[in-house]
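Participant: mind looking at a prediction? Sequence and model below.
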Protein chains: 2
Amino acid sequence: MHKIDPAEIEQRLGQLTETCRANGLRMTHQRMEIFREVAASGEHPDADTIFKRVRKRLPTISPDTVYRTLASLEETGLISRVNPVCGRARFDANTDEHHHYICTKCGKITDIYLSTPPALPEGIENLGEVESLHLQVHGVCHNCKSS
Amino acid sequence: MHKIDPAEIEQRLGQLTETCRANGLRMTHQRMEIFREVAASGEHPDADTIFKRVRKRLPTISPDTVYRTLASLEETGLISRVNPVCGRARFDANTDEHHHYICTKCGKITDIYLSTPPALPEGIENLGEVESLHLQVHGVCHNCKSS
DNA sequence: CTCTATGCAAAAGTTTTGCAATCGC
DNA sequence: GCGATTGCAAAACTTTTGCATAGAG
């Protein structure tokens, strides 16, 4: 698994303090430990996993603090979510090879067709079999941008 | 929006009948209308949207039928979900440009680093601004494959 | 007639919200 | 002290499951 270098984590914790100050966010134990947990794990944990791990060090922390803190860290760009706009499962009956533009604000998904498909990265065999190669472009669509 | 050609929908409905027969699935009004809805919309609808639309034609349909039917259509490969493994939001503190291998069975996410980043597709400007370009490789990891 | 699929209801699981108390700045 | 943040509790929302019945093959 891709564990992050401890020295880099320290550096990122400094970044955390800085960015929080710049955004008027306060540096609490909870925020610190939640960020450390996401940064250190390298396995892209979900909110509940983070909650269970942080609770070992801060026994009184509550799940809603984890959710709120993850949201504020995401707003400042300190962390990101691997699958944006995934509150609901969304379906596609189009079996042609195509890709997606996803608006991270409104969740609108638009098909992208490529004349030259993206190349299969090397070393994928080490990870497992490949079902599909899917390019996701994340951004804010015109509709959301104008409002 | 990318609306699907009506003639193609008819063809895909034929495919539906065929594939259902091959998999021992029965061709019900519900299955037919749910598939037609996903195929015709082209906007990658979620389960609840499909439910609300199909209900106009089949007023007694229930949400759980929609969920179950979508799951069985996915199993046979007639439809796919745009974001597999998205029951829970997952977070990443790694701000380096990187991509992801996602196991559609167990949900494990592994980082992929590319020496040559994928090219930004042409015509993206028409869709909106670009926050990030994210390659997702979907497949079944070794761990799940062996068990 | 058999066995899958459906509808109803209830449950499970994730995330959000209101509010008073707490704690960083 | 002021105001952001937290913890608790409850609610909202999406999805899953058990079971009796209806309906496709």
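Facilitator: Everything's here; your move. Since the structure is predicted, the reported quantities are computational estimates derived from the model, not experimental observations.

Participant: give the buried residues for the lengthiest helix in chain A.
Facilitator: Ranked by number of residues, the top helix in chain A under DSSP state H is helix A:6-22. By 16 or more other C-beta atoms under 10 Å in any protein chain shown, the buried positions in helix A:6-22 come out as A:9, A:12, A:16, A:20. For every residue, glycine as well, the C-beta is placed using N, CA and C.

Participant: who are the packing partners of the longest strand along chain A?
Facilitator: Ranked by residue count, the top strand of chain A under DSSP state E comes out as strand A:132-139. When contacts are defined as 3 or more C-beta pairs under 8 Å, 6 or more residues apart in numbering or on different chains; DSSP states H and E, strand A:132-139 sits against strand A:99-103, strand B:132-139.

Participant: quick one: that strand to chain centroid distance?
Facilitator: 14 Å (C-alpha atoms, centre = their mean, to the nearest Å).

Participant: try stretch A:125-134
Facilitator: With C-alpha atoms, centre = their mean, you get 21 Å for stretch A:125-134.

Participant: likewise stretch A:54-74?
Facilitator: 16 Å.

Participant: for that stretch, which outside residues touch it?
Facilitator: Under the criterion C-beta atoms under 8 Å, 6 or more residues apart in numbering or on different chains, residues A:25, A:29-31, A:33-35, A:37-38, A:47-48, A:50-51, A:79-81, B:89, B:91 lie in contact with stretch A:54-74.

Participant: ok, 6 Å please
Facilitator: Residues outside stretch A:54-74 that contact it (C-beta atoms under 6 Å, 6 or more residues apart in numbering or on different chains): A:30-31, A:33-34, A:37, A:47, A:50-51, A:79, B:91.

Participant: ok, and the most crowded of those?
Facilitator: residue A:34 (27 neighbours; other C-beta atoms under 10 Å in any protein chain shown).

Participant: does the one helix or strand that residue maps to come close to DNA strand C?
Facilitator: Element membership of residue A:34, judged by DSSP states H and E, is helix A:29-41. Yes: judged by C-beta under 7 Å from any atom of the strand, helix A:29-41 and DNA strand C are in contact via residue A:29.

Participant: show me how far that helix is from its chain's centre.
Facilitator: For helix A:29-41 - counting by C-alpha atoms, centre = their mean - the centre lies 14 Å from the chain centre.

Participant: do whichever helix or strand comes after that helix and DNA strand C meet?
Facilitator: As assigned by DSSP H and E, the chain's next helix or strand after helix A:29-41 is helix A:47-57. Yes: judged by C-beta under 7 Å from any atom of the strand, helix A:47-57 and DNA strand C are in contact via A:47-48.

Participant: send me helix A:47-57 as CSV with only the CA atoms.
Facilitator: Extracted in CSV, the C-alpha atoms of helix A:47-57 (Å, rounded to 0.1, in the frame of the first residue of the first chain):
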residue,chain,number,x,y,z
ALA,A,47,-15.6,8.9,7.0
ASP,A,48,-16.5,6.0,9.3
THR,A,49,-13.0,4.5,9.1
ILE,A,50,-11.4,7.9,10.0
PHE,A,51,-13.9,8.2,12.9
LYS,A,52,-13.0,4.8,14.3
ARG,A,53,-9.3,5.5,14.1
VAL,A,54,-9.3,9.0,15.4
ARG,A,55,-11.5,7.9,18.3
LYS,A,56,-8.6,5.8,19.7
ARG,A,57,-6.7,9.0,20.3
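
Participant: ok, that helix near DNA strand D or not?
Facilitator: No: under the criterion of C-beta under 7 Å from any atom of the strand, DNA strand D is not reached by helix A:47-57; the shortest gap measures 9.1 Å.

Participant: re earlier: highest mean neighbour count out of the helices and strands packed on strand A:132-139?
Facilitator: Stretch with highest mean neighbour count among those: strand A:99-103 (a mean of 23; mean count of other C-beta atoms under 10 Å in any protein chain shown).

Participant: touching it from outside, list them.
Facilitator: Looking at what lies outside strand A:99-103 - C-beta under 6 Å, 6+ apart - the contacts are A:85, A:109-110, A:112, A:135-138, A:141, A:144, B:127.

Participant: next, the angle from that strand to strand B:132-139.
Facilitator: On the basis of axes from the mean of the first three to the mean of the last three C-alpha atoms, to 10 degrees, strand A:99-103 is oriented at 130 degrees to strand B:132-139.

Participant: before we move on, the earlier item: the contacts of strand A:99-103: which two are farthest apart?
Facilitator: By the measure C-beta to C-beta, A:135 and A:144 form the most distant pair in the contacts of strand A:99-103, at 20.9 Å.

Participant: the residue in chain A sticking out farthest from the centre: which element?
Facilitator: Distance from the C-alpha centroid of chain A peaks at residue A:115, with 28.8 Å (C-alpha atoms, centre = their mean). Residue A:115 belongs to no helix or strand when elements are defined using DSSP H and E.
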